[in-house]
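Structure of the sequence below:
(2 chains)
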Amino acid sequence: MRVLLVDDEEELVVTLAERLSFRDVDAKWATAGEDAVVLTEQEPFDVVVLDVKMPHLNGIQLKKKLERIRPEMKFVFLTGHGSEEDFRIGSAEADHYLVKPIDIETLVATLKEVVGS
Amino acid sequence: MKQPFTSDGRAGVRGRLEGRSQSDLPVESRRYSLNLRRMWQLTALLMIIVSVGPLTVMTAIDYRVTEASAESEILLHTSRVVSNTKMAVEFSLVERMAALDFIVEDNSSAELHDCARVGEILENLQASFTGFVDLGVIDSSGRQFCYVGPYDLAGVNYSDQAWFEDVQQVATHVSDVFPGFRRVPHMVIAVRHDLPGGGFDVLRTSVETSLLQNLLSNLEISGEGDAFVINREGILQTSSRRHGGVLESLDLEVPEVAAATRVYETLDPDGVPLIVGYSYIPNTPFILMIVKQKTALMEPWSATRRQLIGLLAASISIIVLVVLGVTSYLVSKIHWADKQRVAALHQTEYTNKMASLGRLGAGVAHEINNPLAIIKEKAGLIKDLFEFSDRYAGDEKLMGIVESILSSVDRCSAITRRLLTFARDTDTEPVAVDLSETITEVLGFMGKEAEYRSIAVVVEIDDDTPVISTNKGRLQQILLNVVNNAFAAVENGGRIEIAAGREGPDRVMIRVTDDGCGMSEAQRARIFEPFFTTKGGRGGVGLGLSITYSLVTELGGTVSVESELGEGTSFQIRLPVAGSRNGGAVR
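Numbers count the residues shown, from 1 in each chain, chains lettered A, B, ... in the order given. A predicted model of the protein is given here:
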């Protein structure tokens, strides 16, 4: 399973990627929407895990761009759940959404579920 | 003594206004924009002045005018009585003087020197007139050469008597009353008869004072009046009921000489006010006096005045009572309206504050969530490294430390999730609310306090409790307020029970019961009023339960309270299953 992690918190995505690698998940990461676009153009991913709130390109905008490049990709939103807007987006726009801080096992299970569906 | 319940009072305005000075008022009361005590005082004072003032002035003017009128009437009446009496007295004397003049003119000097003839004349006089006692003829030397009467006065010489000297000057003389030779008070009327050849005789008669006394005694004089005659030296010529007997000195001053009748006011020796009317009787030494008691004369007027003043006092009392009552009623209405206004402002402030707190909490939670996520992932990575490494996989201590870090992060996560949940529910439309879930969320904020204070919190939710449609943020505020009150009421080690269940087909009831200090009947009656607080300086301004009441009402429910002092308190919140009257559809 190939996963792309996108969050402006580099520490978070780097660590998550490493932890996923321990669980046989091939994870790459990006800290900006533009980098994620480049990576997606270079290779396909099964799932993109991306934060709703990011500078420049937010989660919604980035999802739309990536969908145009790879329509078959699934999306899981990470949300701080800090506002009504986050809640609405997280629950309506993505295939799944998770509230930070996330549990790694829950993430792996979610990824498998999304890919399986 | 712990007494946490709060709200405001609607006690009688006058009680509160009169009983406390501004400085005594609690802090929240000073927030009112109106100085109600001053307003009450000014309104009452002005209304009393404009209503009682003219009434009092008119009564005072009427008092003075009618008093002057009554006095004037009394003086006029007295003057009239004096004049009439004087005419009667004067006529009586003139009548007798005229009779003597007639005798002198009708009889020759020879006849008047005939004592038998004089005797006949006296008989005729006594037959026609009262008062004549005797009759004598005196020659110019003063010797009474002929006397007819009950006394032995023939040959008596009057040459040294004042009246004899006077009759030589004027043709007719009327004497003062005097005892004379006979030692009986009487007066003398003497008429001079000039003889043709020079010289004169004097026809003299004694007249009983009863002549005057009878005239005066028959008078009916109002005001305990007294009519009598004095001479010009102030000696009583007739007896007086109040001022002495015949020939005694009058205890009042002799009035000044006047040609006409006069009336004046004076005081007797005891200070009693008197009305005195008098008239000098011409050609006599007599002064007719009528003395009346002013107080007795004014009594009819005084009685009327007393009735009117009594009526005035009663009117003023009624006016003052009505003014005070109406003023108190109006000011209490203003007070209540002002309180409602301030309470509405506070509720708005409170709602805004809660929304702001919600947004603040959300912001803080969101910001904390990111570093928390990193901590969690880093700790998780450490755990992964240990778990996937043979070297550390069996190190229980290291694994324990990592688990502890992850556990703490999870606790922090739970806190931020609750904050975010509250923030999300602020100012939202009605949603489907699970009471059990909401109560658990609210209690999540109080868990640590309950633990520290060893308070047992028991939650019992009936199985058939329905999901209700309501504003979740409002319901959370309501429960938080009531549960907060319960926590404030119980001692350490106390017990709080929260129960929820269906009540009828379309309502649910949430009951929050504590075994705390409880409330008195008086406190319980005012518990939901704004600004009523029993916390003194230790608590808020007394809006918590007032706002709770408003919020429950807003959700279409009711809230009631049962409490026993020292036993505990139970709040019952009843909410409609289908949402408030103004609620929207469930989202």
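
What ranges does chain A have for its strands?
Ranges of strands within chain A are A:2-6, A:26-30, A:47-51, A:74-79, A:96-99, based on DSSP state E.

Just name the most buried of those.
Highest mean neighbour count of those: strand A:47-51, a mean of 26 (counted as mean count of other C-beta atoms under 10 Å in any protein chain shown). In short, each C-beta sits where N, CA and C put it, glycine included.

what mean pLDDT does it have?
Throughout strand A:47-51, pLDDT has a mean value of 92.

can you state the direction angle for it and strand A:74-79?
Per axes from the mean of the first three to the mean of the last three C-alpha atoms, to 10 degrees, the angle that strand A:47-51 makes with strand A:74-79 is 20 degrees.

Settle this for me: residue B:327 is touching residue B:45, isn't it.
No - counting by C-beta atoms under 8 Å, residue B:327 stays clear of residue B:45, with 9.3 Å between them.

quick one: which of the two has more around it?
residue B:327 (22 against 12; other C-beta atoms under 10 Å in any protein chain shown).

relative to strand A:74-79, how tilted is the helix or strand hosting the more buried one?
Secondary structure assignment for residue B:327, by DSSP states H and E: helix B:294-387. With the same axes, to 10 degrees as the basis, helix B:294-387 and strand A:74-79 are set at 140 degrees to each other.

Measure how far helix B:294-387 is from the centre of its chain, please.
31 Å (C-alpha atoms, centre = their mean, to the nearest Å).

Specify the beta-bridge partners of residue B:561.
Under DSSP bridges, the beta-bridge partners of residue B:561 are residue B:571.

For it, give its distance to residue B:390.
The gap separating residue B:561 from residue B:390 is 66 Å, by C-beta to C-beta, to the nearest Å.

So for the two, which sits in the more crowded spot?
When residue B:561 and residue B:390 are compared for neighbours, residue B:561 comes out ahead with 20 against 6, by other C-beta under 10 Å.

wait, what's in contact with the more buried one?
By C-beta atoms under 8 Å, 6 or more residues apart in numbering or on different chains, residue B:561 lies in contact with B:519, B:524, B:527-528, B:569-572.

Same list (the residues you listed) but as a markdown table, adding pLDDT and neighbour count.
Converted to a markdown table, the contacts of residue B:561 look like this (pLDDT from 0 to 100; neighbours: other C-beta atoms under 10 Å in any protein chain shown):
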| residue | pLDDT | neighbour count |
| --- | --- | --- |
| B:519 | 86 | 25 |
| B:524 | 80 | 17 |
| B:527 | 80 | 25 |
| B:528 | 79 | 22 |
| B:569 | 92 | 26 |
| B:570 | 94 | 19 |
| B:571 | 94 | 27 |
| B:572 | 94 | 17 |
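
which of the residues you listed lies closest to chain A?
Set against chain A, the nearest of those by C-beta to the nearest C-beta is residue B:571 (30.6 Å).

Please save the CA atoms from stretch B:480-492 in PDB.
Provided in PDB are the C-alpha atoms of stretch B:480-492 (Å, rounded to 0.1, in the frame of the first residue of the first chain):
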ATOM      1  CA  LEU B 480     -23.100  23.000  33.800                       C
ATOM      2  CA  ASN B 481     -24.800  25.700  35.900                       C
ATOM      3  CA  VAL B 482     -26.900  23.300  37.900                       C
ATOM      4  CA  VAL B 483     -24.100  20.800  38.400                       C
ATOM      5  CA  ASN B 484     -21.800  23.700  39.400                       C
ATOM      6  CA  ASN B 485     -24.300  24.800  42.000                       C
ATOM      7  CA  ALA B 486     -24.600  21.200  43.400                       C
ATOM      8  CA  PHE B 487     -20.800  21.100  43.700                       C
ATOM      9  CA  ALA B 488     -20.800  24.400  45.500                       C
ATOM     10  CA  ALA B 489     -23.500  23.200  47.900                       C
ATOM     11  CA  VAL B 490     -22.100  19.900  49.000                       C
ATOM     12  CA  GLU B 491     -19.300  19.500  51.600                       C
ATOM     13  CA  ASN B 492     -16.300  17.400  50.800                       C
END
